[in-house]
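**Student:** Give me coordinates for this.
(one chain, ligands or ions: 1)
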Amino acid sequence: MLACSPQDPADSSAGNRVSTGGGELGAVEGDDRDRVGHDDALFSAFAESWIEELLAREPEWAIYQGRYEWADQVTIPDVASRAARHEFLLASLDALARFEPARLTPLRRAEYRVLKNRMESMLWYQDRFRNWQWMPSVYNVAGPVSVLLNTDFAPEEERLRLVSARLAAVPAYFEAARANIDRPTLEHLELAVVRSRGTLAVLDDDLLARVDASGLPPGERQRFEERLVAAQAAIEGWIEWLEDLETRLSAEGAARSFRIGETRFEEKFALDVQADLSARELYDRALQEQARLHREMDGIAVEIWSRHLPERPMPSEPLERIGQLIEHLSDRHVAIEDFVPEIRRQIPQLAAFVRERDLLDQDPDKPLTVRETPEYLRGAGNIASVSAPGPFNPGAETFYNVTPLETYGADMAASYLREYNHWILQILNIHEAIPGHYTQLLHANRSPSLVKSLFGNGAMIEGWAVYAERMMLEEGWGDHEPELWLMYGKWALRVVTNAIVDYGVHVLGLEREEAMRLLREEAFQEASEAQEKWRRATLSQVQLSTYFSGFAEIYDFREQRRTELGDRFDLRAFHNEFLGYGSAPVAVIIELMEE
Ligand code: ZN
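**Tutor:** Residues are numbered from 1 along each chain as shown. Below is the predicted model:
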């Protein structure tokens, strides 16, 4: 049956794959059927063993995925580790080239494309994008340590031993980081400083109290403390070094521009998004969608103006009347101290609505815990996010991270409260939690494809969450209230404007002032939101475009299916099937669903 050698680590799991894959072979006849099945088995064995090797080679990535066998090892980001990664990826692409995609069944063919993309992306990021050189914010030791401290995968002592081993490598880690940095951007320097201060908050002296309360023998406790002190000193040294560099580069005007330019942007877009469009085509579509939303919102504004502002004459300019109405409606929001509790209160309501309307499958055994965002995840305007367990430990807790607004200072907090007003807060919860990111990730972790569960496509993930917002409103969440739809329009404009600003900043030389005008006057954003968006556009590339590209692909595909199937179209079945393919690129899922 299987051609892989007995010593191949993927042998046993590949055997399982053959039996689960058997059902996909129905369309293939006679001898071809055996040959295709054989190719599938070989490919699955290859994918499994490649993933195992990658996990062992990238222990930090493995920790995030829930595999802890190598968690005591720290990848020192030096020339040697980059050379090893380069060789490994070239050999991996050679090995993958032995397979003929046309001879694989659809699910395996999708995995082939996801794997190839992953290998090419890793090579591109390291060899061409070279962010390890100019993005000092990529150096962060707190993330893996936090996972080890916060995930209950082994006894406390065992986990503290892993943390201790990682702490021992921190000085060498930052020494290598310093050697890598060459003409960074000021924006990434500043972010690195903020993140590193957050790292110190994770690796603070409270950690020693936890070690003292554990069952670690005194010798090990002592060693933990020594390593912690050395790690803290190394991080403080790194922060000081970054601040000196920032001062010097600012004075000399010698920092790198945060704009990556058209060539790099199109390359990154092709690898990250994997849509059929180019970045330029998506930008043009975003401009069209922006105009369409403005027309739709103006219709609502004219309809409900007198209900809310009966004393005030309605302005003749559409953008002005939409803006004034949104401004007025934004007064309705929770008190600052109720921000996190209100989010906590809404989650079960959303779950109940999805259940009652039969919109898609949920899993009551995997509850969502709302918590305050851990400090190391704050810093880049991250008000809300979801931390989900990877496919290797689906039993672990999923967190909905919410940053208490008190941490932002009075003015900023007031602005955020208006931004996340009565209506938008509901849409935020749909996006982040139910049936957005949290629900999608639950389905992805149930997907039998390790390849797609591990190498999630950002455009599919964000696109789904954005799609979920519109779908919930269409299905009657909020009772078709025009105010909610107007605010939804504002939220949707945010996604569209993200794509416009992203391309504008990196390719068209969009300046801060014009970007702020676009965000504030044409997308109706509060000052805080617009400022954070500008900052994010300077710190990231392509990521801001993924929301719109994924949404447009999913929404259009659903409408196409609805037209094709007519009365036989079943929304719940559509959603479950779509999510059942895991976080694969939308284009790949569409191809599979159409077969
Ligand atoms: Zn999202």
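**Student:** tell me the contacts of the closest residue to the ion within the chain?
**Tutor:** Distances between the chain and the ion by CB to the ion are smallest at A465, namely 4.4 Å. All C-beta spots, glycine's among them, are computed from the backbone N, C-alpha and C. Going by CB atoms under 8 Å, 6 or more residues apart in numbering, A465 touches 431-432, 436-437, 440, 547.
**Student:** how far away is it from V386?
**Tutor:** 9 Å (CB to CB, to the nearest Å).
**Student:** quick one: common contacting residues for these two?
**Tutor:** 432, 437.
**Student:** how about the nearest residue to D72, chain neighbours excluded?
**Tutor:** A165 (3.7 Å; CB to CB, 6 or more residues apart in numbering).
**Student:** Tell me how many other residues crowd the one you found.
**Tutor:** Using other CB atoms under 10 Å, the number of residues around A165 comes to 16.
**Student:** is it possible to export the contacts of A465 to CSV including secondary structure, neighbour count and pLDDT?
**Tutor:** Formatted as CSV, these follow (DSSP: H, G, I helix; E, B strand; the rest coil; neighbours: other CB atoms under 10 Å; pLDDT from 0 to 100):
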residue, secondary structure, neighbour count, pLDDT
H431, helix, 26, 96
E432, helix, 23, 96
G436, coil, 26, 97
H437, helix, 23, 94
Q440, helix, 27, 93
Y547, helix, 24, 94
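**Student:** Select the longest helix from this structure.
**Tutor:** helix 218-252 (DSSP state H).
**Student:** What is the subsequent helix or strand relative to that helix?
**Tutor:** helix 261-273 (DSSP states H and E).
**Student:** For that following helix, what does the pLDDT average out to?
**Tutor:** Here helix 261-273 scores 97 as its mean pLDDT.
**Student:** With stretch 505-521 instead?
**Tutor:** Here the average pLDDT along stretch 505-521 is 97.
**Student:** in that stretch, what's buried?
**Tutor:** 505-507, 510, 515-516, 518-520 (16 or more other CB atoms under 10 Å).
**Student:** for it, the distance to its chain's centre please.
**Tutor:** 24 Å (CA atoms, centre = their mean, to the nearest Å).
**Student:** need the residues of the stretch 451-595 of the chain near the ion, please.
**Tutor:** 462, 465 (CB under 5 Å from the ion).
**Student:** surely M122 meets R85?
**Tutor:** Yes - counting by CB atoms under 8 Å, R85 is a contact partner of M122 at 7.1 Å.
**Student:** So which residue is smack in the middle of the chain?
**Tutor:** Taking CA atoms, centre = their mean, the centroid of the chain lies closest to G458, which sits 5.9 Å from it.
**Student:** Mark out where each domain of the chain begins and ends.
**Tutor:** 25-57+78-129, 139-252, 270-594 (automatic domain parsing).
**Student:** Save the ones you listed as JSON lines, and put in distance to F258 too.
**Tutor:** As requested, those are exported to JSON lines (distance: least, CB to CB, whole Å):
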{"stretch": "domain 25-57+78-129", "distance to F258": "13"}
{"stretch": "domain 139-252", "distance to F258": "5"}
{"stretch": "domain 270-594", "distance to F258": "4"}
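**Student:** most tightly surrounded among those domains?
**Tutor:** domain 270-594 (a mean of 19; mean count of other CB atoms under 10 Å).
**Student:** where's it relative to the chain centroid, distance-wise?
**Tutor:** With CA atoms, centre = their mean, you get 13 Å for domain 270-594.
**Student:** Kindly report the same for stretch 157-171.
**Tutor:** With CA atoms, centre = their mean, you get 27 Å for stretch 157-171.
**Student:** State the mean pLDDT of that stretch.
**Tutor:** For stretch 157-171, the per-residue pLDDT averages 98.
**Student:** Give me the contacts around that stretch.
**Tutor:** Contacts of stretch 157-171 (CB under 8 Å, 6+ apart): 68, 71-74, 76, 141, 144-145, 148-149, 151, 153, 203, 207, 210-211, 214-216, 220, 223-224, 227-228, 230-231, 233-235.
**Student:** worst average pLDDT in the domains of the chain?
**Tutor:** Among the domains of the chain, domain 25-57+78-129 carries the lowest mean pLDDT (a mean of 87).
**Student:** which residue sits closest to E337, ignoring its sequence neighbours?
**Tutor:** For E337, the spatially nearest residue (CB to CB, 6+ apart) is E406, at 7.8 Å.
**Student:** Wait, that neighbour touches A413, no?
**Tutor:** Yes - shown here, E406 and A413 form a contact pair, counting by CB under 8 Å, at 6.5 Å.
**Student:** where do the contact lists of the two overlap?
**Tutor:** I336.
**Student:** near the ion, anything from the helix or strand containing F399?
**Tutor:** Following DSSP H and E, one finds F399 within strand 398-402. No - contact between strand 398-402 and the ion is absent, the nearest approach being 11.8 Å (criterion: CB under 5 Å from the ion).
**Student:** before we move on, what SS does R371 have?
**Tutor:** strand (DSSP: H, G, I helix; E, B strand; the rest coil).
**Student:** just to revisit the earlier point, quick one: the spatially closest residue to the residue nearest to the centre of the chain that is not a sequence neighbour from G580, how far?
**Tutor:** Excluding the flanking residues, the one nearest G458 by CB to CB, 6+ apart is T546, at 4.7 Å. Separation of T546 from G580 (CB to CB): 21 Å.
**Student:** and what of E475?
**Tutor:** For E475 relative to G580 (CB to CB), the value is 20 Å.
**Student:** again with V501
**Tutor:** 34 Å.
**Student:** What segments of this structure are strands?
**Tutor:** Secondary structure of the chain (DSSP state E): strands at 368-372, 384-387, 398-402.
**Student:** which residue of the chain sits farthest from its center?
**Tutor:** Max distance from the centre of the chain (CA atoms, centre = their mean): E311, 45.0 Å.
**Student:** Need the phi and psi values for it.
**Tutor:** phi -80, psi -20 (degrees, to the nearest 10).
**Student:** so how far is D127 from it?
**Tutor:** 63 Å.
**Student:** which ones are touching G261?
**Tutor:** 506-507.
**Student:** cool, and I347?
**Tutor:** So I347 contacts 368, 370, 400, 429, 433-434 (CB under 8 Å, 6+ apart).
**Student:** ok, now N180?
**Tutor:** Applying CB under 8 Å, 6+ apart, we find N180 in contact with 77-78, 132-133.
**Student:** Just the residues you listed: which are in helices?
**Tutor:** 132-133.
**Student:** now, which of the contacts of N180 sits nearest A172?
**Tutor:** D78 (8.6 Å; CB to CB).
**Student:** Flag every residue of this protein that's near the ion.
**Tutor:** Within the chain, the positions adjacent to the ion are 462, 465 by CB under 5 Å from the ion.
**Student:** my guess is V354 meets D363, correct?
**Tutor:** No - here V354 lies out of contact with D363, judged by CB under 8 Å, at a distance of 11.6 Å.
**Student:** Give me the nearest residue to F339, chain neighbours excluded.
**Tutor:** L405 (5.3 Å).
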